[in-house]
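**Student:** sequence first, then the predicted structure:
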Amino acid sequence: MSRTEPVKPSDRLIALVPAAGVGARALRGHEAPVAKQYRLLAGQAMLRRTVQALLVDTRIDQVRVAVAPEDDQAVEVLDGLDRVVCVPCGGETRAQTVYNALCDAQLARDDWALVHDAARPGLPADALGRLIDACLPNGVGGLLALPVADTVKRARTVASAPSGIAAVETTLARDRLWLAQTPQMFRAGLLRAALERVLAQAANTDPMPTDEAQAMEAAGYAPLLVPGSGRNTKITWPDDFEWVESWL
């Protein structure tokens, strides 16, 4: 695994893994401040497991992991993995990190960029393959997602309630609601332009998009929703590590 590799011909499928954050919500108060992508899951760093899940599909030409410029762990954690490049181009936000990684990869407009969360190590091979199969014949792209199964409540703040407790404002119809996952796969030129637009309007955007599909929607596109997997959960809270580790 190296920091730089020669650019391949056009029509590539490149995976980008933004891993420049820390993931403070995944820490318990007494734990040492270790970036969550480097926490161990069944003896391996989560980031390595996530990258390995992408490498299963040989249609992915390369996995480019975007880390913070001062990151000195990623190269060691990913050592020995083929088709993997570590790029120290992380920005202050996810959108900036993905945009920087897209620019660094020097992809042609019609190449494909597949963006996957570093904190989703349980991505099944069949779900990844399903996304790629659905997107390749499409002009825009799409994302893995799951139809909402639970009843969904929209909350309102109650000033007198303890922290973390709210009140129901209304119940939302769930028949057309999906929970977004990653990977999210788009034509590289379209995604780069969509993120550039979002970043240029950052001062007037509240909140900033939390995934690539949202940036594509803001640019007028309608990404495909491809059925994902319950195992493709994002590790966010401390208890998530134990739950994911139990079936890895």
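**Tutor:** Nice, thanks for sending it over. For clarity, every value in this text was computed on a predicted model and none was experimentally measured.
**Student:** skipping its backbone neighbours, what lies nearest the residue nearest the centre of the chain in space?
**Tutor:** Computing the C-alpha centroid of the chain and ranking residues by C-alpha atoms, centre = their mean puts Asp117 first, at 2.7 Å. Nearest residue to Asp117, sequence neighbours excluded (C-beta to C-beta, 6 or more residues apart in numbering): Thr182, at 4.6 Å. Using the backbone N, CA and C atoms, a C-beta is placed for each residue, glycine as well.
**Student:** give me every residue that touches the one you found.
**Tutor:** If you count contacts by C-beta atoms under 8 Å, 6 or more residues apart in numbering, Thr182 has them with Val115, His116, Asp117, Arg120, Leu143, Leu144, Asp211, Asn232, Lys234.
**Student:** wait, which of these is closest to Leu191?
**Tutor:** Among the contacts of Thr182, Val115 lies closest to Leu191 (C-beta to C-beta), at 7.9 Å.
**Student:** which residues does that closest one bridge with?
**Tutor:** Here Val115 shows beta-bridge partners Leu16, Gln184, assigned using DSSP bridges.
**Student:** same question for Lys153.
**Tutor:** Per DSSP bridges, residues listed as beta-bridge partners of Lys153: Thr171.
**Student:** number of nearby residues for it?
**Tutor:** Counted with other C-beta atoms under 10 Å, the neighbours of Lys153 add up to 13.
**Student:** contacts only, for it.
**Tutor:** Going by C-beta under 8 Å, 6+ apart, Lys153 touches Val168, Glu169, Thr170, Thr171, Leu172.
**Student:** can you give me the strands in the protein?
**Tutor:** For the chain, applying DSSP state E gives strands covering 13-18, 40-41, 44-45, 62-66, 84-87, 112-115, 141-147, 152-156, 167-172, 178-187, 224-227.
**Student:** returning to that earlier point: ok, the residue nearest to Asp117 to Leu54 distance?
**Tutor:** Distance, Thr182 to Leu54, by C-beta to C-beta, to the nearest Å: 10 Å.
**Student:** who touches both of these two?
**Tutor:** The contact lists of Thr182 and Leu54 share His116, where a contact means C-beta under 8 Å, 6+ apart.
**Student:** where along this protein do the helices fall?
**Tutor:** Counting by DSSP state H, the chain forms helices over residues 46-55, 74-77, 94-105, 125-135, 188-200, 212-218, 238-245, given from the N-terminal end onward.
**Student:** which residues does Val233 contact?
**Tutor:** No, residue 233 isn't Val; it's Thr. By C-beta under 8 Å, 6+ apart, the contact set of Thr233 is Arg120, Gly122, Asp240, Trp243, Val244.
**Student:** farthest-separated two in those residues?
**Tutor:** Taking C-beta to C-beta, the two most distant members of the contacts of Thr233 are Arg120 and Trp243; they sit 13.3 Å apart.
**Student:** neighbour-wise, which of those two wins?
**Tutor:** When Arg120 is set against Trp243 and neighbours are counted by other C-beta under 10 Å, the residue ahead is Arg120, at 24 against 12.
**Student:** who are the neighbours in contact with the more buried one?
**Tutor:** For Arg120, the contact set (C-beta under 8 Å, 6+ apart) comprises Thr50, Ala53, Gln181, Thr182, Asn232, Thr233, Lys234, Ile235.
**Student:** what about the second one, how many residues nearby?
**Tutor:** A count of neighbours around Ala53, defined by other C-beta under 10 Å, yields 22.
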